[in-house]
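A.B. asks: with the sequence up front, the predicted model follows.
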Amino acid sequence: MNTVDSAKLRKSRRALLLIALVFAAPFIVAGLLVFGGWQPTGKANGQPILPQRNFVAENLRVQLANGQPYPWRDSKPRMTLIALAGPDCAVHCLAALTGMAKARVMLNRNQSRLRLLYLGTPPADAAERKAMTNYWQLGDDVDGKLAGYRPAAPDSVSAVLVESDGTALSSYPAGFDAAGLLRDLQKVIR
């Protein structure tokens, strides 16, 4: 007859229970945090657009300078950064637009995954306008559905980041930090 030492059995069971507790502890802590109402948040520089808007579903029409409609959905997944200029785009506005174009270039090999769309009256200076077209597609918000994001202050610009399916992700009010925009772009464009 095989006898089992009860002290060894209890010791083995305790060890097994301790091992199970070590593996279950992170799940228990995570569950307590979620049920307690805590949710992790990432520090984004843009303001989330709530409630969410989908420009395809809203039939938001943008007409490009060449007369063609802007395709929110592209042949390959690419996000769109929309620049919305306030009245009289001049020195400060152009500096912000240059900062946005630099942020796109700083994405390195992923820069092709971001399209730049400028909506508004382009600068009157022909040289500045020509320089913009190197990076930006120029267009017009046909129905004015983006007017709420456009700054009212002269010589300013705001931005809206749009997912490749037409969903608006975040807005950047006039005076936003271009370095913060770059950090946000690096998080979403990989």
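C.D. replies: Nice, I can see it. Residues are numbered from 1 along each chain as shown.

A.B. asks: show me where this protein has its helices.
C.D. replies: 6-35, 91-105, 126-132, 178-188 (DSSP state H).

A.B. asks: how far off centre is the second one?
C.D. replies: In this case it means helix 91-105. 17 Å (C-alpha atoms, centre = their mean, to the nearest Å).

A.B. asks: now do the longest one
C.D. replies: Averaged C-alpha coordinates place helix 6-35 at 41 Å from its chain's average position (C-alpha atoms, centre = their mean).

A.B. asks: now do that helix, average pLDDT.
C.D. replies: For helix 6-35, mean pLDDT rounds to 87.

A.B. asks: buried ones in it?
C.D. replies: Buried residues in helix 6-35, counting neighbours by 16 or more other C-beta atoms under 10 Å, are absent. The way it works is simple: take the backbone N, C-alpha and C, and place the C-beta from them, glycine included.

A.B. asks: contacts for stretch 96-109, please.
C.D. replies: 81, 83, 89, 111, 113-114, 116, 118, 132, 135-136, 156-157, 159, 176, 178, 181-182, 185-186, 189 (C-beta atoms under 8 Å, 6 or more residues apart in numbering).
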